[in-house]
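**Q** I'll drop the sequence and a predicted model, then ask my questions.
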Amino acid sequence: MLVTERPGNLRRVASDGSVSEPVEGVPEVDARGQGGLLDVALDPQFQENRLVYLSFAEAGEGGNGTAVARGRLNEDLSALEDVEIIFSQQPKVQSRAHFGSRLVFDGEGHLYVTLGERSQAQFRGQAQDLDSHLGKIVRINPDGSVPDDNPFVGQDDTLPEIWAYGVRNVQAAALHPETGLLWEIEHGPRGGDELNIIEPGANYGWPLVTLGVEYSGGTIGEGLETAEGMVDAIYTWTPVIAPSGMMFYGGDAFEEWQGDLFVGGLASTALVRLELDGDSVTHEERLLEPLGLRIRDVAEGPDGAIYVATDEQNGGILRIAPAD
Amino acid sequence: MHRYLFHTLVASLTVAGVSSQAYAVEETFETETGAIQVSTIASGLSHPWAIAFLPGMVACSSPSAPGIFAV
């Protein structure tokens, strides 16, 4: 498997637990605060084109922002070659927080990128502005160009990459295996983590609508919990779980968990299991909490086992399988 | 509540003169749907953020090398 380390390295982890030297060719990242090397995704045609996509915090004029690079993994898996930046969030701002950023292919070859609103009050309101990438989910072609059927293509004063807006800091996203829609989970402020189903062109409300409050305890905006024209979450957490990484389980190892949604939890040190009935969450169970490890990402392995990454200075990869 | 059936193994590492700990988890937990085995397969990673499986790997059921991704 490929594993990103936030300070800036991409490594391979083998089944014997060995960890490779850093894969060469990874762009320079701004590894301060919550920034650094973030998500990794393989091209849907990876076996033919060997393309790997990375999201990361990119320094530049005005500060930093989320960017996406892609490169070709060489035959001996030691380097990314022909690396190019295919997306760069604008504007760049002075912040070390809220980069997003998950990478999800949509089943038709387009790439979703979740973009944070960079946290601070002086610019987080741009989550509502269609001429800014802050607080957005964008949908691009693998080369960074804009698909013709994006919802805002051709409209004045809008960025055509935008697929949905009014999001805060989305660090969990996955495609629903049956509907093909993008589901995402975003960090609330103090309270109000949200599970949202993303519809093209829709507004998810931040920072005008939230179930959370400021870290200081103060009301955010007018304190609206819902509003006309803005889509409500289908499930929320207060207190927060601090969600990062999600996966719809479809493997054979855990038959009773097929169709469940698994979510990594940082502050909650939990792997959260959600049972679903269509678009509703019907039950929640928290796994792994006693380990006290921040769960940063979750994935289903080809063997049907569940793998999680633990966000620690000495972090690791855990495998979860049925006990014999 | 979960039950600890195995102790967590704690391995101390000394890197550049700084003592730190890497946890090698090998535990069984009860869940609402049955018992699960949780095993550390790799440690010593600095704030891992994301994982992606490379295709074409061969499943391996050996207890000493669980999982797949042979490279």
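**A** It's in.
**Q** can you list contacts of stretch A:138-155?
**A** Stretch A:138-155 has contacts (Cβ atoms under 8 Å, 6 or more residues apart in numbering or on different chains) with A:43, A:51, A:53, A:68, A:70, A:85-87, A:106, A:109-113, A:115, A:130, A:158-163, A:200-201. (C-beta placed from N, C-alpha, C; glycine too.)
**Q** show the buried residues in those.
**A** Buried members of the contacts of stretch A:138-155, counted by 16 or more other Cβ atoms under 10 Å in any protein chain shown: A:43, A:51, A:53, A:68, A:70, A:86-87, A:106, A:110-113, A:115, A:130, A:158-163.
**Q** which ones among the contacts of stretch A:138-155 lie within strands?
**A** A:51, A:53, A:68, A:70, A:85-87, A:111-113, A:115, A:162-163 (DSSP state E).
**Q** pick out the most distant pair among those.
**A** Greatest spatial distance among those (Cβ to Cβ): A:Leu51 and A:Ile162, at 23.7 Å.
**Q** am I right that A:Phe262 is in contact with A:Pro243?
**A** No - counting by Cβ atoms under 8 Å, A:Phe262 stays clear of A:Pro243, with 10.7 Å between them.
**Q** looking at the two, which has the bigger crowd around it?
**A** A:Pro243 (28 against 24; other Cβ atoms under 10 Å in any protein chain shown).
**Q** what's the helix or strand for the closest residue in space to that one that isn't next to it in sequence?
**A** Once flanking residues are discounted, A:Pro243 sits nearest to A:Ile185: 4.2 Å by Cβ to Cβ, 6 or more residues apart in numbering or on different chains. Counting by DSSP states H and E, the element that carries A:Ile185 is strand A:182-186.
**Q** between A:Phe262 and A:Pro243, which contacts overlap?
**A** The contact lists of A:Phe262 and A:Pro243 share A:Val272, where a contact means Cβ under 8 Å, 6+ apart.
**Q** sorry, back to before: among the ones in strands among the contacts of stretch A:138-155, which one sits closest to chain B?
**A** Using Cβ to the nearest Cβ, A:Tyr53 comes nearest to chain B of the ones in strands among the contacts of stretch A:138-155, at 9.2 Å.
**Q** touching, A:Leu54 and A:Asn9? I think so.
**A** No - counting by Cβ under 8 Å, A:Asn9 is not a contact partner of A:Leu54; they are 11.0 Å apart.
**Q** and these two? Which one has more around it.
**A** Between A:Leu54 and A:Asn9, A:Leu54 has the larger neighbour count (other Cβ under 10 Å), namely 29 against 21.
**Q** beta partners of that one?
**A** Using DSSP bridges, the beta-bridge partners of A:Leu54 come out as A:Val40, A:Ala69.
**Q** residue contacts, it?
**A** If you count contacts by Cβ under 8 Å, 6+ apart, A:Leu54 has them with A:Thr4, A:Leu10, A:Val26, A:Pro27, A:Leu37, A:Leu38, A:Asp39, A:Val40, A:Val68, A:Ala69, A:Arg70, A:Gly71.
**Q** give the buried residues for the lowest-mean-pLDDT helix or strand in chain A.
**A** In chain A, no helix or strand scores lower on mean pLDDT, DSSP states H and E than helix A:46-49, which sits at a mean of 95. Buried residues in helix A:46-49, counted by 16+ other Cβ under 10 Å: A:Phe46.
**Q** what's that helix in contact with?
**A** The contact list for helix A:46-49, computed with Cβ under 8 Å, 6+ apart, reads A:Asp43, A:Val52, A:Arg72, B:Leu54, B:Pro55, B:Gly56.
**Q** out of these, which sit inside helices?
**A** Members of the contacts of helix A:46-49 lying in helices (criterion: DSSP state H): none.
**Q** in PyMOL, how would I select the buried members of those?
**A** To isolate the buried members of the contacts of helix A:46-49 in PyMOL, using 16+ other Cβ under 10 Å:
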select buried, (chain A and resi 43+52+72) or (chain B and resi 54)
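**Q** can you tell me which two in the contacts of helix A:46-49 are farthest apart?
**A** Top of the distance list for the contacts of helix A:46-49 (Cβ to Cβ): A:Arg72 and B:Gly56, 16.4 Å.
**Q** overlap in contacts, A:Leu54 and A:Asn9.
**A** When contacts are counted by Cβ under 8 Å, 6+ apart, A:Leu54 and A:Asn9 are jointly contacted by A:Val26, A:Leu37.
**Q** follow-up on the earlier one: which among the ones in strands among the contacts of stretch A:138-155 gets closest to B:Ala50?
**A** A:Tyr53 (10.6 Å).
**Q** so the closest one sits against A:Val40, correct?
**A** Yes - if you go by Cβ under 8 Å, A:Tyr53 and A:Val40 touch, sitting 7.1 Å apart.
**Q** keep only those of the buried ones among the contacts of stretch A:138-155 that are also close to chain B.
**A** Contacts with chain B within the buried ones among the contacts of stretch A:138-155, as defined by Cβ under 8 Å from any Cβ of the partner chain: none are present.
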